[in-house]
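>>> got a predicted structure here, sequence first:
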Amino acid sequence: MLSIEAIVKPERVNQVSAALLEAGCKGFYYLNVTGQGGQGGVEVLVGRGGTTAGRSAVPKTLIRTVVDDSMETAVVQAILDAARSPGEGEIGDGKIFVSEVKEAIRVRTGETGADAI
Amino acid sequence: MLSIEAIVKPERVNQVSAALLEAGCKGFYYLNVTGQGGQGGVEVLVGRGGTTAGRSAVPKTLIRTVVDDSMETAVVQAILDAARSPGEGEIGDGKIFVSEVKEAIRVRTGETGADAI
Amino acid sequence: MLSIEAIVKPERVNQVSAALLEAGCKGFYYLNVTGQGGQGGVEVLVGRGGTTAGRSAVPKTLIRTVVDDSMETAVVQAILDAARSPGEGEIGDGKIFVSEVKEAIRVRTGETGADAI
Amino acid sequence: MDSGHTAWMLTASALVFFMTPGLALFYGGLVRAKNLVSTIMYSFTAIAVVSIVWVLWGYSLAFGEGNNWVGDFSYLGLRGIDIVPSADAAYPPLLDVVFQMMFAIITPALITGAFVERFKFTTYLIFLVLWVTIVYAPITHWVWGGGWISDLGALDFAGGTVIHINAGIAAVAAALLVGKRRNPGAQSNNVPFVVLGAAILWFGWFGFNAGSALAADYFAVNAFLVTNVAAATAAITWGLVSQIKNGKMGAVGLATGAVAGLVAITPAAGAVGVMGAIAIGFGAGVICFFAVELINARGLDDALDVFAVHGVGGIWGALATGIFTVSALTGVPGVVEGSFDQLIIQAQSVLGTLVYSGIASYVILLVLDKIPGLGLRVSESEEDQGLDLSLHGERAMVEDGAD
Amino acid sequence: MDSGHTAWMLTASALVFFMTPGLALFYGGLVRAKNLVSTIMYSFTAIAVVSIVWVLWGYSLAFGEGNNWVGDFSYLGLRGIDIVPSADAAYPPLLDVVFQMMFAIITPALITGAFVERFKFTTYLIFLVLWVTIVYAPITHWVWGGGWISDLGALDFAGGTVIHINAGIAAVAAALLVGKRRNPGAQSNNVPFVVLGAAILWFGWFGFNAGSALAADYFAVNAFLVTNVAAATAAITWGLVSQIKNGKMGAVGLATGAVAGLVAITPAAGAVGVMGAIAIGFGAGVICFFAVELINARGLDDALDVFAVHGVGGIWGALATGIFTVSALTGVPGVVEGSFDQLIIQAQSVLGTLVYSGIASYVILLVLDKIPGLGLRVSESEEDQGLDLSLHGERAMVEDGAD
Amino acid sequence: MDSGHTAWMLTASALVFFMTPGLALFYGGLVRAKNLVSTIMYSFTAIAVVSIVWVLWGYSLAFGEGNNWVGDFSYLGLRGIDIVPSADAAYPPLLDVVFQMMFAIITPALITGAFVERFKFTTYLIFLVLWVTIVYAPITHWVWGGGWISDLGALDFAGGTVIHINAGIAAVAAALLVGKRRNPGAQSNNVPFVVLGAAILWFGWFGFNAGSALAADYFAVNAFLVTNVAAATAAITWGLVSQIKNGKMGAVGLATGAVAGLVAITPAAGAVGVMGAIAIGFGAGVICFFAVELINARGLDDALDVFAVHGVGGIWGALATGIFTVSALTGVPGVVEGSFDQLIIQAQSVLGTLVYSGIASYVILLVLDKIPGLGLRVSESEEDQGLDLSLHGERAMVEDGAD
Ligand SMILES: Nc1ncnc2c1ncn2[C@@H]1O[C@H](COP(=O)(O)OP(=O)(O)O)[C@@H](O)[C@H]1O
Ligand SMILES: Nc1ncnc2c1ncn2[C@@H]1O[C@H](COP(=O)(O)OP(=O)(O)O)[C@@H](O)[C@H]1O
Ligand SMILES: Nc1ncnc2c1ncn2[C@@H]1O[C@H](COP(=O)(O)OP(=O)(O)O)[C@@H](O)[C@H]1O
C-alpha cells in the first residue's frame, strides 16, 4: 500500500477530494498546515498596519489517502489535474509525496490489508 | 521502528490515548483532521438553514505513535479496543495505518533509535 | 528521499524553520498538534478554577520537510540546534522521526524525484 | 409621565435583553467545542419562545390580579394594557411588560447550564413553554404580582428568588433527570467567549438591578454601585481562593466569581450600601466556590454549576439581604441592625421557592421524559458526535481547508 | 429642552452605532474564514467613511430644505445647526444629526452582504461616498426630509424603505454586476460570531426603532415591545420551517429569521400593537425563508441574502404596515380596520424606492466597473487566496505554531 | 433631581464599564494566541481590584477636599456621601462615584498593553492597588478634584490628561523596566476580537465623552457627535496612510486609528465643533501612525503601542484642545481664534502629568521589581510556553480532539 500526500492550496481541497473519489480512492483526510516552498511566502501587515513583512509561511492544506500500489499513477494524475491552478499553474500549487505503508487496519471490523482501505 | 497512525472519532481520543499509554507507548500526539471514508459524510445545513447538504467530510482525530517493531500487535489491538464504538462498531470508527520509520532522535539529548522513543 | 519530521515546542517554530532553510531545505510545512511524551503533561485548571488536573497533553508543533538522503545529518543537526531549549535542554523539547519517501512530485510542473523537492 | 424614568427603563430593558446573548456566549465558551452551537441555541431560543409566551399569557399569569398564588387571564394577549398611559403614570405600563419580559427570558436560559451537551433540543422547546407558564409566572406573581411572598414582606429587589433560586433548583431537577454526561468535566473550549459573556452579563446586570428601581432615582444609583462592587469583590475573592488552593487564578474562575457576586447582590441591591455589598460579594465568592466543589464531589452532573452559582448564590443573597438591610433604605432593620425578623421572612421566601420550583420543575421534566417521541436525552452516538452536528447540522467553526 | 428625551436619544444613537460592528460580526461569521477580515472591513470602513460624508454634506442633502426630491447645501459642514438649542426644542438639533448618521452608516454596510468574498476594497471606498450621496441622502429626504413619500402620507416609522428596501435592491444591483463567486455556498466559518452579531443587531435595533419615536414616550415603549415580539416570532418561525423542511433547526437560520423579523417590524413599529407584531414576525419568517430559497434557485449570487432578508422583508414590512396599522396610533386605518388606502400608499413608496435605488445603484456600480484602475471584482487568484491575505495582509486567526 | 440627567449618567456609567472588557478583547486579539487569556486577565482583574480600591479610599483621595495635590480621607468607604440626594442636586452624588469608578478601572488596564506577554500576574495585582492610589487618584484630583491643573484653567473635558497621557507615560516606564519580549512582533492572533474590542471601546466612549457633560444636555450631544467624527476620521486616515505606505489597509490599523482618534478627542469633546473634530481626528491618525513607527524603531518594546496611541494621542488631543477650542463653548479662545494662552496652559498640564506619572510609575515598578518574591518578569520558560498555560492554567481555545 502507498500513502499519497498532497500539500495544495486550501481553495483546491474540494476539487482534489472530488478527484480522489473519482479516481477510486475509498477514503482520505485533510488538514490545514502552514507551509513554505518556492513561493517565498506571502506579505502580511504586522504591528498596527505600519509595516509589511515578507512572511515565510502560507496557509496550505494537506490531503492524504492510502491506496493500493496499483493506483499510484491514477491518483497522482488526478491530484495534479485538480490541484494545478488554471493556466500554467502557479508557484505554490504544491507537492505530492508518496511513501510506503506497511499495513492498514479497519477499526470497526479489524480487517487488514487491501480490504481495509 | 514503526509509525502507527489511527484516524478515529474525536470523542474517542481520550480513551485511545489512555490505551496507548497502557500498552507501553512512551509518547504520542494527535491532531484534528477532516476525513471521508465509508461513512459517506455527515449532513449539514448550508445557507440560512434552508437546505441540507450531504457533506463529504467529518471531523476526525488522527493519533500517532512511534514504537518499536515488537510492539505492533499490542498497540494495534489497544487502539482497536479503545476506538471501536460500543456494540459492533459503527461506520466511521476509523482506520489504522502502520509504516516504517527509519530513525528517531530525541531533541534534548540527541539519543537515537529505540532509546529515543 | 527522506521525510524528516520534528515535534517541537511551538515557540521554537520560527527558529527551526529558519534553520531548515539555512541547512538547504527547499520547503517544509508545520502544524499544531497536541502531544504527550516524557514530559508528563501540563497542569491546567478544570471546572471553575476549583481544581487543577494534571493534563496529559501539551501543545506542540510538528514541522516536516522532505529532503534528499544526503541531507539527513545536516538537517537533523540543524533541528537539534534550533529546537533545544537554552542550557541543557528540557523535557518536552521534542523528537525527530526520519522515514523513507518513495517519490515526490511538483504539482505545477509534474517534475518528480529530487527535482521536485 | 416622566421622560427621564421612561428613558432609563427603556435602556434598562435593552440591557437586560442583552444578558441572554451574553449568557449564550458564557455557557457556550464553557462546554466542549462540539456542543458550542447547541449550547448557544438553548439561550437563543429562550428569547424567541418566551417573548411570545410572555405577551400571550405569561404576563397575565404573573401580573394579573388573580389570587395569592397565581395571576389570571385578564391581560391575555396584553389586552387591557393601554399603549397610551394615564397622565399620572411614571412611565407607560407597557414598559413593565417589556422589562419583565426580559427577566422571563433569561430565567429558563439559566437552567440550561445544567443539562448542556445532552438535552434533546425539541423537548427543550416544549419545556420552555411549560416551565415559564407553570413555574416562572406563578413565582413572579408571589413576589411582584401581589402574591404571598410580597404579603410576607420579603425583600427581593431585582429577583434573587424569582430568577436565581428558581433557576438554580430547577437546574438540580434537570440534572437529576437527564443524568450524567458520558464524559463530564473538560476544559472550556473558548475562554474569551466565557469572559466576553460574563462581561455582557455584568453590563446587562446594571439594567437588571438598577432598572429594578423602576425609576432613574437614587435607588437606581445605589443599586448600580452595589452591583458593581459586589461583582468585583466576588470575582477577586474567587480568584484568590483559587490562587491559594491551586496556585493559579484562571479567567473562568474569575468570571464565575463575578456572576456569583451579581447573583448574590440581586435581591439586596435596594437594601444595602457599599459596605454591605463588599460583604455580600465576599461571601458569594467563598460560598459559591466551595459549593461548586461540594456538588461536583456529590456526583451531580449540573454541568455548568447552575445550582452552585445561581441557587446557592441566590440563597446567600436572599439571606444576606435579611442580614445587611439598612432600614434607611428599606424601612426594615436587618441582623446587623439588631433584628432577626427579616432574616426569617427571607428564609421563608427561599424555602417556598425551592420547594415549589424544585417539585414542579421535576414533574414537568419527568412527564416530558415519559411522553413517547419526546424524552430528555439525546442518543449516545449523538452525544458522542456532539449536539452541534447531530442536532443542528452546524459546526461552530469551520476553517478554510475544511470548507 | 427635555433631559429625558435627550437621554433616550443619546442612548438610542449609541445603540444604533453598535449595530454596524454587530453586522460586521454577523456577516463575518457567515463567509469563509479566509474572507472574515475583508467582510468585517466593509462594515467597519462604512462607519469611518460615512460619518465624515454625513457631517460634510450628507445630512444637508437629506434634511436641507431643498425640494421634493433632494435637500440642499444649506447645512454643509453642519453650519447653521446650532449647538445650543432653542428653548422650546425637545432636544438639541445636533442630536438629529447624530441619530440619523448612524442610519446612514449601516445602510451601505448592509449592501456589502451581497458582494462579500469578491468585491474590490478600494473601489468599495469610493462606492461608499457615491452611494450615500446619490442614493441614500435623497431617499432619506423623500421619507423624512419633507420629500414626496412624506407628502404621500406613507408610514415608515424607523426606515423600512430608507434603509432596508433601499439596501436590498442595491444589493441586487451589486450582485448582478460583480457576478457569482467562483465557489458559492459554504458553511459559515463562525457560528458564534453570527449569533453574537445578530444579538448585537437585535440589541441595537431597540435604539433604531424605539429611538425613532424621537422621545422617551409611549411610542418608544410600544416600538420597543413590538420590535422584540416580531423578532422573536420571526426567529422561531424560521427555525420551525427549517425543522419541518430539513429535520434540523440551526443557529444561522434562527439568527437570520430574527433579522428578518426586525427588518419587517421597522416601518411598522409606530403603527401596530403586539398582535400585529406577531403577525408581521410570522410573515417575515415564512416569506423571507422562501425568498432565500427562491433567489438562490434563480442563480443570483447575493451571497448573504441581502435582498431576500432586507429587501423582501422590508417590502413585507412596508405593506404589512398598511395592513395592520391601528388608527389609534397612526390616525389612519389599515386593511384590518377596513381601508385599503394606506396599503396603496405604502406600495407606492416601496415602488419608488425600488426603482430609484435599483437604477441609481446599478449605474454607480457600472461606472465604477468601467473606470480604469478601479473595477468591481478582485482577480481570480486573489479570490482563491481569500481577500484577507490578498487585499488586507491579515489573517483573521493565527494560532501559535503558525506564528 | 433631574431624572433625565440621572438616566443618562446611569447609561453612561454602564457604557464606560463596558469599555474595559472591550479593551480586554482588543488587547487580547493583538497578542499571540498563547497569551490571550493572560492579556484578558490584566484588564478583567483591573475591574475587580480597582472597584474595591475606589470605594474604599480611591474616590476619597481623588475627590476629597484635600489640598492642591491630593484629596484626603474624608470619604473613606464612601461615608459622608449620602445615598439620598439633596433636593437641588441634578443627580444623586453616588452617581459621581460610579461614573468616576469606571474611569479609574480602565486607566491601569490601558497600561497593560505595554507589558503583555511577560509581566508577572501576581505582581500586577499589587501594582494595580499601588498605582491607582499613588498615581491615578492624585492626578484625578489635580484635574477634577480642585487641584492645580483645574486652578490653572486647563481644559480636559473627559480625561485626556488623567486617563490617556497618564496611562501612556506609565506604559513607557513599564516597558523600560520589564524589558523586551524574547520575541517581539507577531501577527495578531485574532483580528475579529481586535475589531470587536475596538467597536466596544468606541461604543463605550460615547458614555465616556458625552457622559462627561454630567447631564443630558447640548454639551453631551456635541461631545457625542465630535467623538464619532474624530474617531471615524482618524480610522480612515490611518488606513489611508497605511495604504499609501504599504499598499494595504488592514483591520488592525483601522481599529488602532479609531482608538487614536477617540483618545485625541477626549479632552476636546466639550470644546470643539465638528470641524475641529475632523482636524483632531486627522491629526491623530497621522501623528500616532508615525509615533508607532518611531517608537518601534527606537527599540522600546511597548508591545501594544500604548504610548504611541494613548500618550502621543493624548498629548495631541490636549494641545489640539488649546488650538481648536471655540469660545462659544468653553468661554476661552484657542489658537484658531487668535490666542495662544490656552495652548500654553494645556502644555503645562501635559508636562505636569508626564513628569509625575512617569516618575511615580517608574518608582513603583522599580520597587516591586526589587521585592523578593515579586519581580516584574516571568521566567524565560514561562514566557516561551505562554502565560496562559504557565500562569493561569488555561488555554484560550481548545478544540474537540484536543480535549
Ligand atoms: N521539500 C518539502 N518538504 C515538505 N514540504 C514541502 C517541500 N517543498 C514544498 N513543500 C510544501 O509544498 C508547498 C508548495 O510548495 P511550492 O514550492 O511553493 O510549490 P511549487 O513547487 O509548486 O512552486 C509549500 O508551501 C510547502 O508547504
Ligand atoms: N484509504 C484511506 N486513506 C486515508 N484515510 C482514510 C482512508 N480510509 C478511511 N480513512 C479515514 O478514516 C476515517 C474513517 O473511515 P471509514 O471508512 O468511515 O471507517 P470504517 O472503515 O471503519 O467504516 C475516514 O473519515 C477517513 O478520514
Ligand atoms: N514515541 C513517540 N511517538 C510519537 N510522538 C512522540 C513520541 N515520543 C514523543 N513524542 C512527541 O514528542 C513530544 C516531546 O516528547 P518528550 O518525551 O516530552 O520530549 P523529550 O523526550 O525530549 O523529553 C511529545 O509531546 C510528543 O508529542
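Thanks, I have it. Residues are numbered from 1 along each chain as shown, chains lettered A, B, ... in the order given. Ligands and ions are numbered 1, 2, ... in the order given.
>>> apart from its neighbours in sequence, what residue is nearest the closest residue to chain E within chain D?
Residue nearest to chain E within chain D: residue D:3 (2.6 Å; C-beta to the nearest C-beta). All C-beta spots, glycine's among them, are computed from the backbone N, C-alpha and C. With C-beta to C-beta, 6 or more residues apart in numbering or on different chains as the criterion, residue D:3 has its nearest non-adjacent residue at 2.6 Å, and that residue is residue E:4.
>>> repeat that for residue D:153.
Here the residue nearest residue D:153, using C-beta to C-beta, 6+ apart, is residue D:345, at 5.6 Å.
>>> phi, psi for that neighbour please.
phi -60, psi -40 (degrees, to the nearest 10).
>>> I'd guessed residue D:257 sits against residue D:232; true?
No: in this structure residue D:257 lies outside contact range of residue D:232 using C-beta atoms under 8 Å: 9.5 Å.
>>> neighbour count winner among the two?
Taking neighbours as other C-beta atoms under 10 Å in any protein chain shown, residue D:257 and residue D:232 compare with residue D:257 leading, 34 against 30.
>>> how much space between that one and residue D:187?
18 Å (C-beta to C-beta, to the nearest Å).
>>> next one: residue A:106
32 Å.
>>> and if you look at residue D:134?
As judged by C-beta to C-beta, residue D:134 and residue D:187 stand 37 Å apart.
>>> looking at the two, which one has more neighbours?
Legend: neighbour count by other C-beta under 10 Å for residue D:134 and residue D:187, higher for residue D:187 (22 against 18).
>>> name the SS class of the more buried one, please.
The three-state label given to residue D:187 by DSSP: H, G, I helix; E, B strand; the rest coil is coil.
>>> pLDDT score assigned to it?
Residue D:187 is assigned 87 on the pLDDT scale.
>>> check the one 3 residues further on too.
Residue D:190 is assigned a predicted lDDT (pLDDT) of 97.
>>> beta partners for it?
Under the criterion DSSP bridges, residue D:190 forms beta bridges with residue F:397.
>>> and it, what does it touch?
D:28-29, D:33, D:36, E:192, F:396-398 (C-beta atoms under 8 Å, 6 or more residues apart in numbering or on different chains).
>>> can you tell me the residue of chain A closest to ligand 2?
In chain A, no residue comes nearer to ligand 2 than residue A:27, which is 2.1 Å away by C-beta to the nearest ligand atom.
>>> the closest residue in space to residue D:265 that isn't next to it in sequence: which element?
The shortest distance from residue D:265 to any non-neighbouring residue, by C-beta to C-beta, 6+ apart, is to residue D:230 (3.6 Å). Here residue D:230 sits within helix D:218-246, counting by DSSP states H and E.
>>> quick one: average confidence on the helix or strand that that helix is followed by?
With elements assigned by DSSP H and E, the helix or strand that comes after helix D:218-246 is helix D:251-265. If you average the pLDDT over helix D:251-265, you get 98.
>>> mind checking how far the helix holding residue D:230 is from the chain centre?
17 Å (C-alpha atoms, centre = their mean, to the nearest Å).
>>> only the buried residues of it, if you could.
Neighbour-count burial for helix D:218-246, with 16 or more other C-beta atoms under 10 Å in any protein chain shown as criterion, is recorded at D:218-243, D:246.
>>> which bits of chain A sit near chain E?
Chain A comes close to chain E at residues A:9-11, A:14, A:34, A:42-45, A:52, A:57, A:59, A:85-86, A:90, as judged by C-beta under 8 Å from any C-beta of the partner chain.
>>> surely residue D:187 and residue C:47 touch.
No: in this structure, residue D:187 is not within contact of residue C:47 by C-beta under 8 Å, at 9.6 Å.
>>> remind me which residues of chain A are low pLDDT?
A:54-56 (pLDDT under 70).
>>> buried residues in the longest helix anywhere in it?
Determined from DSSP state H, the single longest helix within chain A is helix A:72-83. For helix A:72-83, the neighbour count (16+ other C-beta under 10 Å) marks A:75-76, A:78-80, A:82-83 as buried.
>>> can you give me how far that helix is from the chain middle?
10 Å.
>>> same question for stretch A:12-27.
Distance, centroid of stretch A:12-27 to centroid of chain: 10 Å (C-alpha atoms, centre = their mean).
>>> could I have it exported to PDB, CA atoms only?
C-alpha atoms of stretch A:12-27 as PDB (Å, rounded to 0.1, in the frame of the first residue of the first chain):
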ATOM      1  CA  ARG A  12      -8.400  23.500  -4.200                       C
ATOM      2  CA  VAL A  13      -9.400  21.000  -1.500                       C
ATOM      3  CA  ASN A  14     -12.900  20.400  -2.700                       C
ATOM      4  CA  GLN A  15     -11.700  19.800  -6.200                       C
ATOM      5  CA  VAL A  16      -8.900  17.500  -5.100                       C
ATOM      6  CA  SER A  17     -11.100  15.500  -2.900                       C
ATOM      7  CA  ALA A  18     -13.700  15.000  -5.600                       C
ATOM      8  CA  ALA A  19     -10.900  14.000  -7.900                       C
ATOM      9  CA  LEU A  20      -9.700  11.400  -5.400                       C
ATOM     10  CA  LEU A  21     -13.100   9.800  -5.100                       C
ATOM     11  CA  GLU A  22     -13.400   9.700  -8.900                       C
ATOM     12  CA  ALA A  23     -10.100   8.100  -9.200                       C
ATOM     13  CA  GLY A  24     -11.400   5.300  -6.900                       C
ATOM     14  CA  CYS A  25     -10.000   6.200  -3.500                       C
ATOM     15  CA  LYS A  26     -12.100   4.800  -0.700                       C
ATOM     16  CA  GLY A  27     -11.100   7.400   1.900                       C
END
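>>> so where does the closest residue to chain F within chain A fall, helix or strand?
Here the residue of chain A nearest chain F is residue A:49; by C-beta to the nearest C-beta that distance is 2.4 Å. In the assignment (DSSP H and E), residue A:49 maps to no helix and no strand.
>>> same check, this time on the one 4 residues further on
The secondary structure element spanning residue A:53 is strand A:51-54 (assigned by DSSP H and E).
>>> list the buried residues of that strand.
Within strand A:51-54, the residues scored as buried using 16+ other C-beta under 10 Å are A:51-52.
>>> could you list the residues in contact with that strand?
Under C-beta under 8 Å, 6+ apart, the answer for strand A:51-54 is A:40-41, A:43-46, E:393, F:246-248, F:293.
>>> cool, stretch D:333-351 as well?
Contacts for stretch D:333-351 (C-beta under 8 Å, 6+ apart): D:142-143, D:149, D:152-156, D:161, D:165, D:267, D:271, D:276, D:314-315, D:318-319, D:321-327, D:332.
>>> just the buried ones among those residues, please.
D:142-143, D:149, D:152, D:154-156, D:161, D:165, D:267, D:271, D:276, D:314-315, D:318-319, D:321-326, D:332.
>>> next, the angle from the helix or strand following the longest helix of chain A to helix A:72-83.
With elements assigned by DSSP H and E, the helix or strand that comes after helix A:72-83 is strand A:95-100. Per axes from the mean of the first three to the mean of the last three C-alpha atoms, to 10 degrees, the angle that strand A:95-100 makes with helix A:72-83 is 160 degrees.
>>> now the helices: where do they sit in the stretch 1-150 of chain D?
Under the criterion DSSP state H, counting those that start in this stretch, helices of the stretch 1-150 of chain D are mapped to D:3-30, D:36-53, D:59-63, D:94-111, D:121-131, D:137-144, D:148-152.
>>> nearest to residue E:356, of those?
Closest of those to residue E:356 is helix D:3-30, at 33.7 Å (criterion: C-beta to C-beta).
>>> now do the closest one: which elements does it pack against?
Under the contact criterion of 3 or more C-beta pairs under 8 Å, 6 or more residues apart in numbering or on different chains; DSSP states H and E, helix D:3-30 touches helix D:36-53, helix D:94-111, helix D:191-211, helix D:251-265, helix E:3-30, helix E:191-211, helix E:218-246, helix F:3-30.
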